[in-house]
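Visitor: What follows is a predicted structure for the sequence shown.
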Amino acid sequence: MVCQFWSGFLLALFYVPDPTYVSTLREEYMNEVWWFAYVYKTHVVGVDSIFVLSYLHITKKVFIKNFLGAELGGWVTGTHAFLAYHVVVFLGITLSSNHLGDLTLTIGANIFWSLFLFTHKTYTPVFGNRHLSVEELTRLMVAHYIVAYYYLYLVQSHVAYVHEMWDLDSGYATAQDASTPKQSWYADALTREGQFMLTAYIGLMTTVTRTGHPNPRPVDFTFFEQWSEVEVEDINFFIVGPHWYFRPHMGLLTICAQHYEGLFWLSAYYAILAVMPL
């Protein structure tokens with residue numbers, strides 16, 4: 001997350017909110033600014049890394065049945081943060097100003113519009129004409145930073161709810177007393193969670209690289225992007241698919257016969273995750 005904020009700030013210094021020039025200027029910056037390519041790749045791979053670690057974190061908590069003795073506030077803030085991060089990434093994708101970004105904006109606008117029962121043009125104050133423009137990119141850029149800082153706040157709240165009462169020596173959540181100040185509990189929690197996440201992430205990437213794909217491309221920043229845009233030469237058609245972290249949501253929307261049924265299951269997905277202790 002530190003890398004994401006740092007790299008995002010540097011990228012913002014060169015960002016021009018004009019869909020006509022974003023992609024072209026990005027290529028020029030790659031050649032003219034020596035650090036731009038490294039910072040850009042860091043920001044892109046950071047998105048996938050946080051998603052992978054988030055899913056590992058949720059899987060671990062479900063596997064060890066953490067929800068049996070957990071406080072509801074921890075799961076609510078964690079789920080809220082997970083949802084907010086999807087919004088952050090959605091806004092970031094649209095800032096790329098490519099065909100996928102424009103399509104992502106249109107899909108988001110249509111979903112938002114459906115919440116108002118497709119009444120006139122209720123999407124206009126947020127999504128403009130449902131396509132990228134200078135005004136729309138400016139709004140999205142500001143929203144991208146605001147929601148990102150809100151996500152950071154939610155993560156801090158989640159850590160406070162879940163981990164501040166963890167005792168490393170006993171391996172259980174116990175009552176805090178004067179002999180164990182809050183700072184030590186915080187450090188213990190980060191040590192345990194950090195060690196698990198680092199080990200699991202290295203193990204996952206090593207397994208994928210060695211068994212599934214013998215070449216080093218799976219660990220390259222383009223690995224998760226390679227199926228997003230595909231050109232079918234036989235029929236001269238451009239197929240655009242969502243990024244891997246949006247495909248579960250897209251799947252729920254497409255397998256349901258009715259649009260609002262898909263939206264219901266999308267909401268139920270986060271609602272069930274938030275109230276797991278109940």
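Guide: Structure received.

Visitor: which strands and helices sit next to the helix or strand hosting residue 24?
Guide: Assigning secondary structure by DSSP states H and E places residue 24 in helix 22-32. Counting by 3 or more C-beta pairs under 8 Å, 6 or more residues apart in numbering; DSSP states H and E, the packing neighbours recorded for helix 22-32 are helix 36-63. (C-beta placed from N, C-alpha, C; glycine too.)

Visitor: ok and the helix it packs on relative to helix 22-32, angle-wise?
Guide: Between the axes of helix 36-63 and helix 22-32, defined by axes from the mean of the first three to the mean of the last three C-alpha atoms, to 10 degrees, the angle is 110 degrees.

Visitor: Can you name every helix or strand that helix 36-63 contacts?
Guide: Partner elements for helix 36-63 (3+ C-beta pairs under 8 Å, 6+ apart): helix 2-12, helix 22-32, helix 72-95, helix 182-207.

Visitor: thinking again about what came up before, got the buried residues for the helix holding residue 24?
Guide: Judged by neighbour count using 16 or more other C-beta atoms under 10 Å, the buried positions of helix 22-32 are 22, 25-26, 29.

Visitor: again, but for stretch 107-114
Guide: Burial within stretch 107-114, assessed by neighbour count using 16+ other C-beta under 10 Å, is assigned to 107-109, 111, 113-114.

Visitor: hang on, the earlier thing: just the buried residues of helix 22-32 now: which is nearest residue 148?
Guide: Here the nearest of the buried residues of helix 22-32 to residue 148, counting by C-beta to C-beta, is residue 22; it sits at 18.9 Å.

Visitor: which residue sits closest to the closest one, ignoring its sequence neighbours?
Guide: With sequence-adjacent residues excluded and distances taken as C-beta to C-beta, 6 or more residues apart in numbering, residue 22 is closest to residue 97, at 3.7 Å.

Visitor: Can you give me the distance of the nearest residue to residue 46 once chain neighbours are set aside to residue 37?
Guide: For residue 46, ignoring the flanking residues on the chain, the nearest one in space by C-beta to C-beta, 6+ apart is residue 4 at 4.6 Å. As for residue 4, its distance to residue 37 is 17 Å (criterion: C-beta to C-beta, to the nearest Å).

Visitor: mind listing the helices for the stretch 101-250 of the chain?
Guide: Using DSSP state H, counting those that start in this stretch, the helices of the stretch 101-250 of the chain run over residues 124-127, 134-163, 182-207, 247-255.
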